[in-house]
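Engineer: could you look at this predicted model? Sequence included:
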Amino acid sequence: MYMQVESHTGTLLHLKRCPSIRSWSLFVGISSIGLAAAYYSSDNLAWKLFYVTGCVFVAIQNLEEWEEALFDKKSGKVTLKTFNLYKRFLTLCKGGCGQAAFQLKEIRDVNVEEEKVRYFGKGYLIVLRFVTGFSHPLTHCVVLGVRSDVEAIAKLISGFLELDLGVNQDQRLSQSSETEDSDPEEPITED
């Protein structure tokens with residue numbers, strides 16, 4: 001699953017993402033290698049502790065981030081938060097949290113982009129496009145193989161921000177101006 005909807009009201013959309021099952025499986029697998037090495041080795045306690053802590057450290061390094069997106073119409077901002085256990089562990093609880101805030105009125109479009117993931121195929125993520133030409137991904141992690149989940153979240157965000165209405169109104173206005181300018185009996189041809 002790409003992101004889960006924590007709350008959805010008329011003025012607030014709160015999305016959340018936790019590490020995937022693949023990430024947790026990798027964490028357990030790498031940690032269990034350290035536990036097995038410590039359990040079956042005939043080394044002293046210091047070496048056994050080194051095996052366990054080394055493998056847990058590598059497992060934490062491979063764990064995905066916790067990510068949150070908060071779209072708030074009252075404040076007019078979107079806040080993207082990330083929490084990384086590895087960075088928190090390295091900085092001794094002083095770091096590991098990242099936050100980016102943008103104005104809602106500056107978001108022009110919400111797109112689903114495809115990225116190639118080495119050895120695994122294609123991954124998908126949502127990218128927020130701003131009026132200034134700047135693009136920012138909604139999450140740092142991609143979802144492998146399932147585009148429909150990502151498109152559903154993108155459609156939810158577009159509907160919440162009422163971006164679909166603006167596009168449809170622009171298309172209707174351009175179509176009505178084309179029909180007014182042309183003769184009713186003359187067909188419209190495109191070059």
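Structural biologist: Sure thing, it's come through.
Engineer: and K122, how many neighbours does it have?
Structural biologist: 13 (other C-beta atoms under 10 Å). Bear in mind the C-beta positions are built from the backbone N, C-alpha and C, glycine included.
Engineer: and it, that's in a helix?
Structural biologist: No. K122 is assigned strand when assessed by DSSP: H, G, I helix; E, B strand; the rest coil, not a helix.
Engineer: give the contact list for the most centrally placed residue in the chain.
Structural biologist: Ranked by distance to the mean C-alpha position of the chain (C-alpha atoms, centre = their mean), the top residue is T139 at 2.3 Å. T139 makes contact with Y2, M3, R17, E67, A69, L125, I126, according to C-beta atoms under 8 Å, 6 or more residues apart in numbering.
Engineer: among these, find the lowest-pLDDT one for me.
Structural biologist: Taking these together, the minimum pLDDT is found at Y2 (79).
Engineer: that one - how many residues pack around it?
Structural biologist: Going by other C-beta under 10 Å, the residues that sit close to Y2 add up to 24.
Engineer: mind checking the SS state of it?
Structural biologist: coil.
Engineer: pretty sure it sits against D149.
Structural biologist: Yes. Y2 is within contact range of D149, at 4.8 Å (criterion: C-beta atoms under 8 Å).
Engineer: kind regards, and thank you for your time.
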